[in-house]
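Visitor: task: produce atomic coordinates for the following.
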Amino acid sequence: MSDDHTLPPAIAADPAEAVQRIRALARAHGFQRCGIAGIELGEDEAHLADWLGKGLYGTMDWMARHGTLRARPAELLPGTVRVISVGMDYSHKDDTEAWATLADPGRAYVARYALGRDYHKLMRNRLQKLASRISSEVAPLGYRVFVDSAPVLERALGRNAGLGWIGKHTCLIDRHGGSWFFLGEIYIDLPLPVDAPATAHCGTCTRCIDICPTQAIIAPQRLDARRCISYLTIEHEGSIPEPMRPLIGNRIYGCDDCQLICPWNKFAKRTDEADFRARNELDTARLDQLFAWDEDEFMRRTEGSPIRRSGHERWLRNIAVALGNAQSSEATLTALHSRSDHASPVVREHVQWALAQHASG
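Guide: Below you'll find the model as predicted:
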């Protein structure tokens, strides 16, 4: 990236017009939100350091390894002076169906973001095209795009770009569109005008804190990942702590309770993005059906899905926990016994726990 951070003459006379052109290009590439942030993240770096210092990241060692780099964009990509932050809606507007699934212990709950195609690839491709268009049509620039692909404080940057405020559940909330949206960034070396940061509007509401099944939100904007169902079912390897298992319910991949309960999500916009539509009937599937997938079927059905990266072993581990929390039935017990001699000791342990749950009544 260039070390010359002056605006090109072509846009220096009216940089605001250039920003509006960037927003229009972002919309044309499928992003419903777009803003520009500076790279000063001192307060957020302090918040991150305190969170890391308390060990609240669990076994996600990469969080500690790249701690300060997340809050220093110019160290991650030398020459960076601004960040274009974008948001892409993924709301299915199926809150009623989501609550119905959570209330039916025989069904599997998958976080709404993971029902369809992996958003990382889709967004990264569109961000690359957007950055290329900006460079050719607005002003030449050095850039790099990110979608969960490097140590980036995406929510803090999104807040500073005006996309929304960081809610008490740590998700970004847009007062005009709720929190059901993905984030992506373009680090650039062009000193464009920055947007005003979003102001917080959670007020005294604590619904997200109160509803968390495992009480993982230990304070506003403070999440203990070690208690978070999304962490336990996706990031955490090995055995899930026994005290957490009954609290997981039928959530086999991620958790949405804090977003489902958020009043601001009544403003969420439904997306018709084909890639985000549910695959393999994951929005209605029953636990015993999914538990029957062998590794070959799992790999085939999860091709292009974010679920694949957690692997078949964790898939079975999570479903075993959910089956242990389900009502006793012939189908439930048959499913569990079918995996009681599985090659993985982790799967076997969770199956035995589940069977013990049913044996104890």
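Visitor: so what touches the worst-scoring helix or strand of the chain on mean pLDDT?
Guide: Ranking every helix and strand in the chain by mean pLDDT, DSSP states H and E puts helix 9-12 at the bottom, with a mean of 73. Identification of contacts with helix 9-12 by C-beta atoms under 8 Å, 6 or more residues apart in numbering yields 6, 17-18, 138-139. Where you see a C-beta, it was placed from the backbone N, CA and C, and this is true even at glycine.
Visitor: next helix or strand past that helix?
Guide: helix 15-28 (DSSP states H and E).
Visitor: CA-only coordinates of that following helix in CSV, if you can.
Guide: Provided in CSV are the C-alpha atoms of helix 15-28 (Å, rounded to 0.1, in the frame of the first residue of the first chain):
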residue,chain,number,x,y,z
PRO,A,15,-14.7,13.8,-1.2
ALA,A,16,-18.3,13.5,0.1
GLU,A,17,-19.4,12.7,-3.4
ALA,A,18,-16.8,9.9,-3.6
VAL,A,19,-18.2,8.4,-0.4
GLN,A,20,-21.7,8.5,-1.8
ARG,A,21,-20.4,6.7,-4.9
ILE,A,22,-18.8,4.1,-2.7
ARG,A,23,-22.1,3.5,-0.9
ALA,A,24,-23.9,3.2,-4.2
LEU,A,25,-21.4,0.6,-5.4
ALA,A,26,-21.7,-1.3,-2.1
ARG,A,27,-25.5,-1.5,-2.6
ALA,A,28,-25.0,-2.6,-6.2
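Visitor: what is it packed up against?
Guide: strand 33-37, strand 82-89, helix 119-137 (3 or more C-beta pairs under 8 Å, 6 or more residues apart in numbering; DSSP states H and E).
Visitor: would you list the contacts of helix 9-12 in TSV and tack on distance to Val83 and neighbour count?
Guide: Shown next, in TSV, are those (distance: C-beta to C-beta, whole Å; neighbours: other C-beta atoms under 10 Å):
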residue	distance to Val83	neighbour count
Thr6	18	9
Glu17	20	11
Ala18	16	22
Val138	16	19
Ala139	16	20
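Visitor: greatest separation within those: which pair is it?
Guide: Greatest spatial distance in those: Thr6 and Glu17, 17.3 Å, computed using C-beta to C-beta.
Visitor: ok so, going back, and the helices and strands packed on helix 15-28, which is most packed in?
Guide: strand 82-89 (a mean of 26; mean count of other C-beta atoms under 10 Å).
Visitor: returning to what we had before: flag every buried residue along the least confident helix or strand of the chain.
Guide: Ile11 (16 or more other C-beta atoms under 10 Å).
Visitor: repeat for stretch 145-163
Guide: For stretch 145-163, the neighbour count (16+ other C-beta under 10 Å) marks 145-147, 151-163 as buried.
Visitor: do stretch 260-277 as well
Guide: Quick answer for stretch 260-277 (16+ other C-beta under 10 Å): 260-262, 264-265, 268, 271, 276.
Visitor: alpha carbons of it, as PDB, please.
Guide: Taking Å, rounded to 0.1, in the frame of the first residue of the first chain, the C-alpha atoms of stretch 260-277 are listed here in PDB:
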ATOM      1  CA  LEU A 260     -34.400 -13.600  18.700                       C
ATOM      2  CA  ILE A 261     -35.500 -11.800  21.900                       C
ATOM      3  CA  CYS A 262     -34.000  -8.400  20.900                       C
ATOM      4  CA  PRO A 263     -36.800  -5.800  20.400                       C
ATOM      5  CA  TRP A 264     -34.700  -4.100  17.700                       C
ATOM      6  CA  ASN A 265     -35.000  -7.100  15.400                       C
ATOM      7  CA  LYS A 266     -38.600  -6.300  14.700                       C
ATOM      8  CA  PHE A 267     -37.000  -3.900  12.200                       C
ATOM      9  CA  ALA A 268     -34.800  -6.700  10.600                       C
ATOM     10  CA  LYS A 269     -35.200  -6.900   6.800                       C
ATOM     11  CA  ARG A 270     -35.900 -10.300   5.200                       C
ATOM     12  CA  THR A 271     -33.300 -11.300   2.700                       C
ATOM     13  CA  ASP A 272     -34.000 -13.200  -0.400                       C
ATOM     14  CA  GLU A 273     -30.400 -14.100  -1.000                       C
ATOM     15  CA  ALA A 274     -30.600 -17.600  -2.500                       C
ATOM     16  CA  ASP A 275     -27.300 -18.700  -0.900                       C
ATOM     17  CA  PHE A 276     -28.800 -18.100   2.600                       C
ATOM     18  CA  ARG A 277     -31.800 -20.200   2.100                       C
END
